[in-house]
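1. Have a look at this fold, sequence not included:
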């Protein structure tokens, strides 16, 4: 199903919730809406569902104008942050409800198949309240999937679960989305979740749609500093810089040899320190390689995620965060030199537009 | 400050018989005087019961709690001299920041000049020196929680400070600053700190030693490195890391290891019989066809997770994950790849316990 939002806006009183934007989530694929809280994800999703009408603009389904048509006239399945189930119905009846509503056949068999797929087959006779949070959200997901709607909208469906449950369920959902042909829109605040879901990503910030494209491409080639900020966890390291003949010079720091486009160079020489160099945490290492730029500093903290260590280092160019694979211990205040391959640096011009992006491996 | 020794079990029902009847299965544990510890596990694992037993809110049904060798099993939290910090700020809105911080000291009739000095020190550590005369009511949630932390830390004579998920209400981008503060404060004050959380980042970042718990059992006590490199139990391998450790069923027999129809030479002495091979996605790498210690698997998934690619592969019904280095060209879905499952980082488990 092809959903198209054309130049939609959403205003409530004097407040603009969505600035004018157009988006056509890729049919049959997953589109992630990525942004912080209040970025406009839920507002946009409500327009897609037909729960709200846009203040201006048009919503089309397969070319048909459905602007202002209520949700019940559209074939949409929704899953929310909070686990919403019918408390007095068993798990089986919860999952079966959309099928009964449509008077479908072989309801029992389909409920069983969906429940097995989501690992809740053993709870079919229980009430939702007798299940854990993760299991309740599985019931809500199974019910949404039972609808087999051409458009499926999920608003931060895993946010209220423990991270291990989140990890397992996200993996299962990714596979279910890939095997189905529904158009899926999935809102999240977590860049890592967007990457794991793959597909396409729309980056939202303060009610604006900043970029829409294949998830890998948006991550590796953010069109602006704002997109790079929103699509980076931990936050991208940002350093003011000035163009010089052979590259860019970091404020109070070393030279990075990067090939800067002519217009960005000209604008920068006129106004020093108006460029921004962006370094992802994974671009900073503790082991030097030939040609690397050294950034000496002191350890502020080593945060350990279980798979990675994020070491915060105070350097002459500011506070930097480096991502190291595995678990590493650092004493607070210890000397540590970070190393950087200049080819891993992003450069943004004075207007915050992308001027240089590191090369990346396309197509997987 | 005190050294805390636990030798106990706890059941909320009388006459427990099976493991499932216990909220805490029998355990022995010592918390070193001045150490920083975390109790980590999913909801329902028993970590809060454990904290309540240490603080004196709950008396264990079996065994004892000792502070510096003195039996305190039946003593109240006041008698044990415990300070606690909870999930949500517990402060007086009508008081200033300074009055809030001073409250536990005034209660104990500490001399005023000593109070002023200590409140000044704690405020300095928490970067709240500039806010001492401000009323607590107008502050943001994270500032209020900082006051709660300060109140927990302000008395230097406590046996231990217990934290129950103290960063729940803190904005994600402020969390790391408070984690840093807590570490600095631990180093400067030398208090015995015990921190309960379900969040592995908080536990691994804060604590010198982490106790990992599941279903009422403490399955490992160790440093972050130990939990990552040598998980003592398969649950630890699974729970620490995202994604967790890969496990592959195997069978040992006379120096060989049968894995999915292949026999590999065991790289070290292993017991015969059913085993599980554990290797973390961070250590599982691509190998040449037929390489010693490698097995073939079919690629089912390749995810670009930004900083690297995550490979999903299947071998005889077992799914494996491998984090590929950015320099390695990822294979295509459906390809058969050889994965180095046996190397120096491989752990071997029998009945879920580490054996080699």
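-> Received the coordinates, thanks. Computed from a prediction, not measured in an experiment: that's the story for all the values here.
2. Kindly report the residues of the stretch 201-350 of chain B close to chain A.
-> Counting by C-beta under 8 Å from any C-beta of the partner chain, the positions of the stretch 201-350 of chain B adjacent to chain A are B:201, B:204-205, B:223-225, B:227-229, B:238-244, B:280-282, B:302-310, B:323, B:326, B:329-330. No exception for glycine: its C-beta is placed from N, CA and C like everyone else's.
3. again, 6 Å this time
-> Within the stretch 201-350 of chain B, the positions adjacent to chain A are B:201, B:204-205, B:224-225, B:228, B:240-242, B:282, B:302, B:304-307, B:330 by C-beta under 6 Å from any C-beta of the partner chain.
4. and those, which are buried?
-> Burial by neighbour count, judged by 16 or more other C-beta atoms under 10 Å in any protein chain shown, picks out B:201, B:204-205, B:224, B:228, B:240-242, B:282, B:302, B:304-307, B:330 from those.
5. okay, now residue B:271: neighbour count?
-> Summarising burial for residue B:271: neighbours were counted as other C-beta atoms under 10 Å in any protein chain shown, giving 12.
6. what about it, helix or strand, and which?
-> Under the criterion DSSP states H and E, no helix or strand holds residue B:271.
7. ok, now which ones touch it?
-> For residue B:271, the contact set (C-beta atoms under 6 Å, 6 or more residues apart in numbering or on different chains) comprises residue B:252.
8. average model confidence for stretch A:216-233?
-> Averaging pLDDT along stretch A:216-233 yields 96.
9. Endpoints of it, how far apart?
-> Start and end residues of stretch A:216-233 are separated by 15 Å (C-alpha to C-alpha, to the nearest Å).
10. neighbours around residue A:58, how many?
-> Here the number of neighbours of residue A:58 (other C-beta under 10 Å) works out to 15.
11. Is it in a helix, a strand, or coil?
-> Under DSSP: H, G, I helix; E, B strand; the rest coil, residue A:58 falls in the strand class.
12. and the gap between it and chain B?
-> From residue A:58 across to chain B, the span is 34 Å (C-beta to the nearest C-beta, to the nearest Å).
13. surely that residue meets residue A:6?
-> Yes. Assessed by C-beta atoms under 6 Å, residue A:58 is found in contact with residue A:6 at 4.5 Å.
14. Please parse the chain into its domains.
-> All of this is about chain A. Taking automatic domain parsing as the criterion, chain A consists of the domains A:3-229, A:237-356.
15. right idea, wrong chain: chain B
-> Following automatic domain parsing, chain B resolves into domains at B:4-234, B:246-354.
16. among those domains, which is nearest residue A:206?
-> For residue A:206, the closest of those is domain B:4-234, at 16.3 Å, according to C-beta to C-beta.
17. one step back: mind listing which of the residues of the stretch 201-350 of chain B next to chain A are in strands?
-> B:302, B:304 (DSSP state E).
18. Helices of chain B, residue ranges please.
-> Under the criterion DSSP state H, chain B contains helices at B:47-55, B:77-80, B:97-107, B:112-125, B:141-153, B:172-189, B:200-206, B:224-229, B:234-239.
19. Give the buried residues for the fifth one.
-> It stands for helix B:141-153. By 16+ other C-beta under 10 Å, the buried positions in helix B:141-153 come out as B:142, B:143, B:144, B:145, B:146, B:147, B:148, B:149, B:150, B:151, B:152, B:153.
20. What is the neighbour count of residue 164?
-> I'll assume chain A. Neighbour count of residue A:164, defined by other C-beta under 10 Å: 17.
21. that answer is for a different chain, and I need it for chain B
-> Counted with other C-beta under 10 Å, residue B:164 comes out at 20.
22. Which pLDDT value goes with it?
-> If you check residue B:164, the pLDDT there is 93.
23. Would you mind measuring from it to residue A:133?
-> Using C-beta to C-beta, to the nearest Å, one gets 19 Å for the distance from residue B:164 to residue A:133.
24. Those residues of the stretch 1-150 of chain B touching chain A, which are they?
-> Going by C-beta under 6 Å from any C-beta, the residues of the stretch 1-150 of chain B near chain A are residue B:42.
25. who in chain A is up against chain B?
-> By the rule C-beta under 6 Å from any C-beta, the part of chain A lying against chain B is A:162, A:167, A:195, A:216, A:219, A:282, A:301, A:303-307, A:325-327, A:364.
26. so of these, which ones are in helices?
-> Mapping the residues of chain A next to chain B onto helices (DSSP H) picks out A:167, A:195, A:216, A:219.
27. CSV please, covering the residues you listed and showing distance to residue B:71.
-> Below are these laid out as CSV (distance: C-beta to C-beta, whole Å):
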residue, distance to residue B:71
A:167, 43
A:195, 53
A:216, 61
A:219, 58
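28. Which of those sits closest to residue B:257?
-> Taking those together and measuring to residue B:257 by C-beta to C-beta, the closest member is residue A:167, at 28.5 Å.
29. Looking at the closest one now. What's its pLDDT?
-> pLDDT for residue A:167: 90.
30. Need the nearest residue in space to it, chain neighbours excluded.
-> Spatial nearest neighbour of residue A:167, excluding adjacent residues (C-beta to C-beta, 6 or more residues apart in numbering or on different chains): residue B:242 at 5.8 Å.
31. Could you verify my assumption that the one you found touches residue A:308?
-> No. Counting by C-beta under 6 Å, residue A:308 is not a contact partner of residue B:242; they are 9.0 Å apart.
32. Skipping its backbone neighbours, what lies nearest residue B:286 in space?
-> Excluding the flanking residues, the one nearest residue B:286 by C-beta to C-beta, 6+ apart is residue B:337, at 5.7 Å.
33. whoops, I mixed them up, residue B:313
-> Nearest non-adjacent residue to residue B:313, counting by C-beta to C-beta, 6+ apart: residue B:297, 3.8 Å away.
34. got a list of what the one you found touches?
-> Contacts of residue B:297 by C-beta under 6 Å, 6+ apart are B:313, B:315, B:320, B:339.
35. One more pass at 10 Å, please.
-> By C-beta atoms under 10 Å, 6 or more residues apart in numbering or on different chains, the contact list for residue B:297 reads B:248, B:260, B:284, B:311-316, B:318-320, B:322, B:335-339, B:341.
36. Just the buried ones among the residues you listed, please.
-> Listed as buried from the contacts of residue B:297 are B:248, B:284, B:311-313, B:315, B:318-320, B:322, B:337-339, B:341; burial here means 16+ other C-beta under 10 Å.
37. quick one: residue B:272 from residue A:175, how far?
-> Distance of residue B:272 to residue A:175, given as C-beta to C-beta: 37 Å.
38. Between the two, which has more neighbouring residues?
-> For residue B:272 versus residue A:175, neighbours defined as other C-beta under 10 Å are more numerous around residue A:175 (14 against 11).
39. Mind pulling up the pLDDT for the more buried one?
-> Residue A:175 is given a pLDDT of 89.
40. shouldn't it be in contact with residue A:198?
-> No. Counting by C-beta atoms under 10 Å, residue A:175 sits too far from residue A:198 to count as a contact (11.2 Å).
41. which residues are common contacts for the two?
-> Common neighbours of residue A:175 and residue A:198 (C-beta under 10 Å, 6+ apart) are residue B:301.
42. Keep only those of the contacts of residue B:297 that are in strands.
-> Taking DSSP E, the ones among those that sit in strands are B:248, B:311-315, B:318-320, B:322, B:336-339.
43. By mean pLDDT, flag the weakest helix or strand of chain B.
-> Every helix and strand of chain B was ranked by mean pLDDT, DSSP states H and E. The lowest is helix B:172-189, at a mean of 83.
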